[in-house]
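**Q** sequence unavailable; structure follows:
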Ligand code: KIV
Ligand code: ZN
């Protein structure tokens, strides 16, 4: 039987550190539910010491997700570890993941600690973590720029202190396949107790080598791959889950390993993440990009029609593409809608189903065919209503240079209307919202794209707006793109106002700590 390689998904932790990928608790839970369907072994849910919201996000996922292990990150510090332990408290199968840097460059310039001090800190951290949770992972940050014999020493210390997993990350995306394979072989061969633990790789993609390095690490003895959906993550991102899994799947004669992944959930996971974060998937992204299975050249098309094997190394169906393209029409009814939403992995309450049905009928009135991606987008934007403070009722714009906009919002029972001029209709409408809510956000990012092909497509709008120096993302969807844009802007405003209210206006709400 093929040996098992565990998939440790860090989309919600390292992935969430990508610029523009921050998610609120509810969004994180939606992704976690999909990751469970995808079949990952571990979901790294966050870095609980970073902020109260981050703590709550991990705690909620630990409570709700029972089908995979839930990990939380902590530096090798007592308060970090205790906070991570508390966030994991409801988890069925928790993993406390603690780390400290091991390269001389980090020791000298960041930690200002000697190698001996770092060994002591690592041992103490793992011992404390082990007293709080059943399973502990230890990471030697910047391992690929560390002295290999020092990695042996620190791995031995961590194993003696109770670590179950030793992770050797390529934190800065610097290594190469041959080098990382040699590093794992060296550390595994020379560390006493190596056979008692699982070795893990965690690669960043600065040189575009993360997937190749992960496969080489496995050849060197790693049996856990840390990765993210769509490869999102710090800087150029992490090992892309879909690419590494499909490489193992497609080339099983070279990579004789089993992962527990249900590959048919790959495209749905990728699409959901893109809709929740607003981060677009490049058309040519392997496995999940729009063009990944599109054959443009006539000679290729001809070959594929004769036999798909001529130019296709995996089928679109095997990664969950083309599955149930057309979903529903206007007459499908509430029950049909509920069944389809369930098939997509959503458990909706009666109230949510009612709201979704209203949105669906509204959309089906405007566009004949409602596709799976339309439905996903409606469900993602449905969440915007669950903590809505301001609700967009209507927007009208006219002219240009200057353009004029009239916006009507609802807050509680009050209807609030204002107008503004601006450089274009969207600018004018955003300014009108600012006037109504009495705060002025700085628009950092604005993007509109179509959910599906066709002139009547649903327009998805994504904004990032900064208030008091903290960025808030918003999304909206409508067949009218100005309406979608205003919904997205109001969604970001709502997130800011809700956070301020939760913390009674304290600045604590607007600060958080990130992994260095
Ligand atoms: O890249 C890295 O080294 C990390 C660790 C915290 C595992 O993300
Ligand atoms: Zn990382």
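**A** In hand now; what should we look at? Everything quoted here is computed from the prediction, not taken from an experiment. Ligands and ions are numbered 1, 2, ... in the order given.
**Q** what about residue 415, how many residues nearby?
**A** 12 (other Cβ atoms under 10 Å). Yep, even glycine has a C-beta here, placed from its N, CA and C like the rest.
**Q** give me the three-state assignment for it.
**A** On the three-state scheme (DSSP: H, G, I helix; E, B strand; the rest coil), residue 415 is labelled strand.
**Q** show me the contacts for it.
**A** Contacts were defined as Cβ atoms under 8 Å, 6 or more residues apart in numbering; by that measure residue 415 touches 393, 408-409.
**Q** list phi and psi for residue 411.
**A** When read as degrees, to the nearest 10, the backbone of residue 411 gives phi -130, psi 110.
**Q** and of the contacts of residue 415, the nearest to ligand 1?
**A** residue 409 (40.6 Å; Cβ to the nearest ligand atom).
**Q** name the element that closest one belongs to?
**A** strand 403-411 (DSSP states H and E).
**Q** with residue 244 instead?
**A** For residue 244, the host element (DSSP H and E) is helix 241-250.
**Q** I'd say residue 458 and residue 360 touch.
**A** No: Residue 458 is beyond contact range of residue 360, at 11.1 Å (criterion: Cβ atoms under 8 Å).
**Q** so for residue 508, what's the pLDDT?
**A** What the model reports for residue 508 is a pLDDT of 54.
**Q** I should have written residue 284 there, sorry.
**A** Per-residue confidence for residue 284 comes out at a pLDDT of 94.
**Q** quick check: domain ranges of the chain?
**A** Under automatic domain parsing, the residue ranges defining each domain of the chain are 3-277, 334-384, 389-502.
**Q** comparing those by mean pLDDT, which bottoms out?
**A** domain 334-384 (a mean of 85).
**Q** relative to the whole chain's centre, how far out is that domain?
**A** Put simply, domain 334-384 sits 22 Å off its chain's centre (Cα atoms, centre = their mean, to the nearest Å).
**Q** next: stretch 446-466.
**A** Taking Cα atoms, centre = their mean, one finds the center of stretch 446-466 at 19 Å from the center of the full chain.
**Q** same deal with stretch 390-404?
**A** Between the centre of stretch 390-404 and the centre of its host chain there is 33 Å, according to Cα atoms, centre = their mean.
**Q** just stretch 427-434 next, same as before
**A** Averaged C-alpha coordinates place stretch 427-434 at 30 Å from its chain's average position (Cα atoms, centre = their mean).
**Q** just stretch 268-284 next, same as before
**A** For stretch 268-284 - counting by Cα atoms, centre = their mean - the centre lies 9 Å from the chain centre.
**Q** could you do stretch 194-203 as well?
**A** When distances are taken as Cα atoms, centre = their mean, stretch 194-203 is centred 24 Å away from the chain's centroid.
**Q** and the contacts of that stretch?
**A** Under the contact criterion Cβ under 8 Å, 6+ apart, stretch 194-203 has outside partners 6, 8, 10, 14, 137, 139, 155, 159, 163-171, 173, 175, 180, 184, 187-188, 209-211, 213-214, 217-218, 221-226, 238-239.
**Q** the helix holding residue 244 - contacts with which helices or strands?
**A** Counting by 3 or more Cβ pairs under 8 Å, 6 or more residues apart in numbering; DSSP states H and E, the packing neighbours recorded for helix 241-250 are strand 6-9, helix 210-219, strand 224-227, helix 266-277.
**Q** give me the number of residues near residue 280?
**A** Under the neighbour criterion other Cβ under 10 Å, residue 280 is assigned a count of 13.
**Q** likewise residue 449?
**A** Neighbours around residue 449, by other Cβ under 10 Å: 15.
**Q** quickly list what it is bridged to.
**A** residue 460 (DSSP bridges).
**Q** where's it relative to residue 274, distance?
**A** If you measure residue 449 against residue 274 using Cβ to Cβ, to the nearest Å, the figure is 10 Å.
**Q** out of the contacts of stretch 194-203, which touch ligand 1?
**A** When the contacts of stretch 194-203 are checked against ligand 1 using Cβ under 6 Å from any ligand atom, the ones in range are 14, 139, 167, 169, 171.
**Q** of the residues you listed, which is the nearest to residue 413?
**A** Minimum distance to residue 413 across these is 43.8 Å, recorded for residue 14 (Cβ to Cβ).
**Q** which one is that closest one nearest to, not counting chain neighbours?
**A** Taking Cβ to Cβ, 6 or more residues apart in numbering as the measure, residue 14 lies nearest to residue 233, with 4.6 Å between them; neighbours along the chain are not counted.
**Q** quick revisit: which parts of the helix holding residue 244 are buried?
**A** Applying a neighbour-count criterion of 16 or more other Cβ atoms under 10 Å, one finds 241-249 buried in helix 241-250.
**Q** repeat for stretch 17-32
**A** For stretch 17-32, by 16+ other Cβ under 10 Å, it's 17-18, 21-25, 27-32.
**Q** okay, how far is it across that stretch, tip to tip?
**A** Start to finish, the residues bounding stretch 17-32 are 16 Å apart (Cα to Cα, to the nearest Å).
**Q** what's in contact with it?
**A** The contact list for stretch 17-32, computed with Cβ under 8 Å, 6+ apart, reads 11-12, 15-16, 43, 45-46, 53, 56-57, 60-61, 64-65, 229, 232-234, 237, 272-273, 276-279, 380, 383, 386-387, 445, 464, 471, 473, 495, 514-515.
**Q** buried only: go through the residues you listed for me.
**A** Buried members of the contacts of stretch 17-32, counted by 16+ other Cβ under 10 Å: 11-12, 15-16, 43, 45-46, 53, 56-57, 60-61, 65, 229, 232-234, 237, 272-273, 276-279, 380, 383, 464, 471, 473, 495, 515.
**Q** residues from this structure in reach of ligand 1?
**A** For the chain, the residues in contact with ligand 1 (Cβ under 6 Å from any ligand atom) are 14, 99, 139, 141, 167, 169, 171, 202, 204, 515.
**Q** the same query, at a cut-off of 5 Å, please.
**A** With Cβ under 5 Å from any ligand atom as the criterion, the chain comes near ligand 1 at residues 14, 99, 139, 141, 169, 171.
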